[in-house]
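J.: Next one to model:
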Amino acid sequence: MDYIKIRFVDNPEGGESEFRRTVEEMLRAAQPRFSFSRQQWRPQIDIYETREEIVILAEIAGVPREEIHLEIGPRTIKVSGTREGGPREGNARYRLAEIPFGRFERTLSLPVPIDTQTAAAVFRDGLLEIRLAKRPVDRIQKISIQGS
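T.: Model prediction:
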C-alpha cells in the first residue's frame with residue numbers, strides 16, 4: 001500500500017524553508033551524510049503486553065550500552081542515546097547512506113500504570129529489552145469523604 005505524505009504548515013508560501021530544503025536535498029544527493037542540522041533518529045520499537053508485564057523491544061544496533069539512557073515513570077518511558085557515524089576510511093566517499101546516526105530519543109506512553117521499582121533492561125545483539133511489571137489494581141487507594 002502506498003502512502004501520501006501530508007505536511008501542514010502555517011505559511012504556505014514558506015519560501016525560505018522550501019529553498020533550504022531544496023538545497024539540502026541537492027547537497028545530500030551529492031553527499032548522503034550531508035545535513036544542515038543534526039536530526040534525531042527514531043529507533044524501531046515493539047511493545048507487547050502479558051497479564052503481568054509490559055515488554056518493550058528497541059532496535060538500536062551499534063549503540064554502546066553506556067550511551068543508552070532510560071527514564072521510567074508510572075505511565076511513560078523515554079529511551080535516548082547516541083550512535084556515532086559509521087566507519088569511514090581516509091578519503092572514502094559514501095555511495096549509499098541509510099543507517100541513521102547521531103542522537104535518538106523515543107518517549108512512549110504506557111497503556112497501564114507500572115511498578116517503576118521492578119523495571120529491568122537487557123541489551124544484547126542490538127536489541128534493548130525492557131520489562132515493566134504492571135502495578136496491581138488492588139493498590140488503588142480509596143478514601144472516604146468527610147462531611148460537616
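
J.: Please, where are all the helices along this protein?
T.: Counting by DSSP state H, the chain has these helices, from start to end: 15-30.

J.: His69 and Ile54, how far apart?
T.: 19 Å (Cβ to Cβ, to the nearest Å). For the C-beta atoms, the positions are set from N, CA and C on the backbone; glycine is no exception.

J.: more crowded one of these two?
T.: Shown here are His69 and Ile54; by other Cβ atoms under 10 Å, Ile54 has more neighbours (20 against 11).

J.: need the contact list for the residue lying closest to that one once chain neighbours are set aside.
T.: Once flanking residues are discounted, Ile54 sits nearest to Leu132: 4.6 Å by Cβ to Cβ, 6 or more residues apart in numbering. With contacts defined as Cβ atoms under 8 Å, 6 or more residues apart in numbering, the neighbours of Leu132 are 53-56, 72, 77, 110, 114-115, 118-119.

J.: Please repeat the previous calculation with a cut-off of 10 Å.
T.: 47, 49, 53-56, 72, 77, 110, 112-116, 118-121 (Cβ atoms under 10 Å, 6 or more residues apart in numbering).

J.: likewise Ala120?
T.: 53, 129-133.

J.: Then His69?
T.: 78-82, 105 are the contacts of His69 under Cβ under 10 Å, 6+ apart.
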